[in-house]
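>>> any chance you can model this:
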Amino acid sequence: MTLATLTTTPVLDVVVPVYNEERDLAPCVRELHAVLARTFPYRFRITVADNASTDGTRAVARALAEEFAEVVSVHLPEKGRGRALSAVWSASDAQVLAYMDVDLSTDLAALAPLVAPLISGHSDVAIGSRLARGARVVRGPTREFISRCYNLILRGALAARFSDAQCGFKAIRADVAQRLLPHVEDTGWFFDTELLVLAERAGARIHEVPVDWVDDPDSRVDIVSTAVADLKGVARVARGLVSGRIPVGELRAQLGRTPLEPVTPGVPRGLFRQLVRFGAVGVASTLAYLVLFLLLRGGMGAQGANLVALLVTAVGNTAANRRFTFGVRGGRGAGRHQCGGLLVFALGLGLTSGALAALHHFSSPGGPAESATVVGANLLATVLRFLLLRNWVFRNRPLESTS
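Coordinates of the predicted model:
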């Protein structure tokens, strides 16, 4: 049964969060209502979420609610787009919840493709993307640069796979929202990102729609303060994922997204997941190693830089694999594991040092060949590290991560 078969309540609730938008609110709601009335075949609602406006926005919202039966006005005494969306979505009886920015930067032609996969039950979350193939975007170089950098940070720090976290054009199934919203802490602009990261970690299917998007030159968003708040949010969510405070495993179970395990005969249960997580840790360790090596190379020489960089990243690599790859929690045995990790480090040191010595025997120190040699040797040492950590260092510990 699809969501749309139940027609006693609105199928779609589109929230328009506003703060001091008395000029743009009425044109936005009228155009949105016209599009939905013309193209949407099910019952819908438009909710204006006024979060602590101090101008005439509240009066305009009330007038629109009187003009259209499908429009509802909600006033919240505190500011915060995330706070407004969380409050309205939590109380809504609609089956699909959406929101859009009041400035109509996103062409409403994308609304039907946004909500259709949620109504059919194919997807759990849908986002408009200005970075997906097929999107057409008009905005200044500064905002373009900031947006792309932010999404690169999300990919690096939180392993996010969605392409655009901040486009103000998203939708989510109500049953999925009810599971995720209690765990979303941000009440401002980072709300979208935090919700998407939780949805992705919980195994929700995220559908991306390329949009036509034109930057609003009158945008009142403070880029600097928003960027700082977003970076703080990224750090907070990363800590929550690392510490286990965010119950990813529980959310996956609630959404029915238990991990798929390989059933190949002879392959131990959990090996595939361990390889994926070990690979992610290995990539991060290799990048950190290369950065440290290049920074230290000038003052310490190649062998000294190799020793220090490999030692530092070895300690971090063992700690990360202990927690993420092999699911070992708590401090018990941590010292023994680090000792084992250092012995594995000695093997890696011998490998990379030998590779450097061989290179310098046949060519001059420095240059791209040296960097390529140490990276290649380090990757080989990483493969040996996995085998030794799995079959020796953590042999008597749990082999399956609980998140």
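
>>> what kind of secondary structure is Leu231 in?
For Leu231, the assignment made with DSSP: H, G, I helix; E, B strand; the rest coil gives helix.

>>> for Trp89, give me its contacts.
Trp89 is in contact with Asp13, Val15, Leu97, Ile172, Ala174, Ala177, Leu181, counting by Cβ atoms under 8 Å, 6 or more residues apart in numbering. Just so you know, the C-beta spots here come from the backbone N, C-alpha and C atoms, and that holds for glycine as well.

>>> from Ala98, how far off is it?
Trp89 is 9 Å from Ala98, where distance means Cβ to Cβ, to the nearest Å.

>>> find residues that contact each of the two.
With Cβ under 8 Å, 6+ apart, Trp89 and Ala98 have common neighbours Asp13, Val15, Ile172.

>>> nearest to Leu290, of those residues?
Within the set of the shared contacts of Trp89 and Ala98, Ile172 lies nearest Leu290; the separation is 39.3 Å, counting by Cβ to Cβ.

>>> Ala69 falls within a helix, correct?
No. Secondary structure of Ala69 (three-state DSSP): coil, not part of a helix.

>>> tell me the pLDDT of it.
Looking at Ala69, its pLDDT is 95.

>>> so where do the helices sit in the protein?
Ranges of helices in the chain, per DSSP state H, are 25-39, 57-67, 81-91, 111-120, 141-158, 174-180, 191-201, 223-243, 248-254, 271-320, 334-362, 368-388.

>>> dump stretch 339-346 to PDB, restricted to CA.
Below are the C-alpha coordinates for stretch 339-346, written out as PDB (Å, rounded to 0.1, in the frame of the first residue of the first chain):
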ATOM      1  CA  CYS A 339      51.600  -2.300  21.600                       C
ATOM      2  CA  GLY A 340      50.500  -4.800  18.900                       C
ATOM      3  CA  GLY A 341      49.800  -1.900  16.600                       C
ATOM      4  CA  LEU A 342      53.300  -0.500  17.200                       C
ATOM      5  CA  LEU A 343      54.700  -3.900  16.200                       C
ATOM      6  CA  VAL A 344      52.700  -3.700  13.000                       C
ATOM      7  CA  PHE A 345      54.000  -0.100  12.700                       C
ATOM      8  CA  ALA A 346      57.600  -1.500  12.800                       C
END
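
>>> in that stretch, which residues are buried?
Within stretch 339-346, the residues that qualify as buried are Gly340, Gly341, Val344, Phe345, counting by 16 or more other Cβ atoms under 10 Å.

>>> make a markdown table out of those and add distance to Leu241 and pLDDT.
Output for the buried residues of stretch 339-346, formatted as a markdown table (distance: Cβ to Cβ, whole Å; pLDDT from 0 to 100):
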| residue | distance to Leu241 | pLDDT |
| --- | --- | --- |
| Gly340 | 26 | 75 |
| Gly341 | 22 | 73 |
| Val344 | 26 | 72 |
| Phe345 | 26 | 70 |
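
>>> distance to Asp24 for those residues - can I get that in a markdown table?
Converted to a markdown table, the buried residues of stretch 339-346 look like this (distance: Cβ to Cβ, whole Å):
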| residue | distance to Asp24 |
| --- | --- |
| Gly340 | 62 |
| Gly341 | 57 |
| Val344 | 60 |
| Phe345 | 59 |
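
>>> that older thread, which two in the contacts of Trp89 are spaced the farthest apart?
Spanning the widest gap among the contacts of Trp89 are Asp13 and Leu181, at 14.0 Å by Cβ to Cβ.

>>> pick the most deeply packed of the helices of the chain.
helix 191-201 (a mean of 23; mean count of other Cβ atoms under 10 Å).

>>> and it, what does it pack onto?
Here helix 191-201 touches helix 81-91, strand 125-129, helix 141-158, strand 169-173, helix 174-180, strand 206-210, helix 223-243, helix 248-254, going by 3 or more Cβ pairs under 8 Å, 6 or more residues apart in numbering; DSSP states H and E.

>>> ok, which of those comes nearest Val29?
Minimum separation from Val29 across the helices and strands packed on helix 191-201 (Cβ to Cβ) falls at helix 81-91, 14.7 Å.

>>> report the angle between that closest one and helix 191-201.
Angle between the axes of helix 81-91 and helix 191-201 is 60 degrees (criterion: axes from the mean of the first three to the mean of the last three Cα atoms, to 10 degrees).

>>> now find how far off-centre helix 81-91 is within its chain.
20 Å (Cα atoms, centre = their mean, to the nearest Å).

>>> export only the CA atoms of it, formatted as CSV.
The C-alpha coordinates for helix 81-91 follow below in CSV (Å, rounded to 0.1, in the frame of the first residue of the first chain):
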residue,chain,number,x,y,z
ARG,A,81,14.5,27.6,10.8
GLY,A,82,15.4,24.2,12.2
ARG,A,83,13.2,24.8,15.3
ALA,A,84,10.3,25.8,13.1
LEU,A,85,10.6,22.8,10.8
SER,A,86,11.0,20.3,13.7
ALA,A,87,8.0,21.8,15.5
VAL,A,88,5.6,21.7,12.5
TRP,A,89,6.8,18.4,11.1
SER,A,90,6.5,16.7,14.5
ALA,A,91,2.9,17.9,14.8
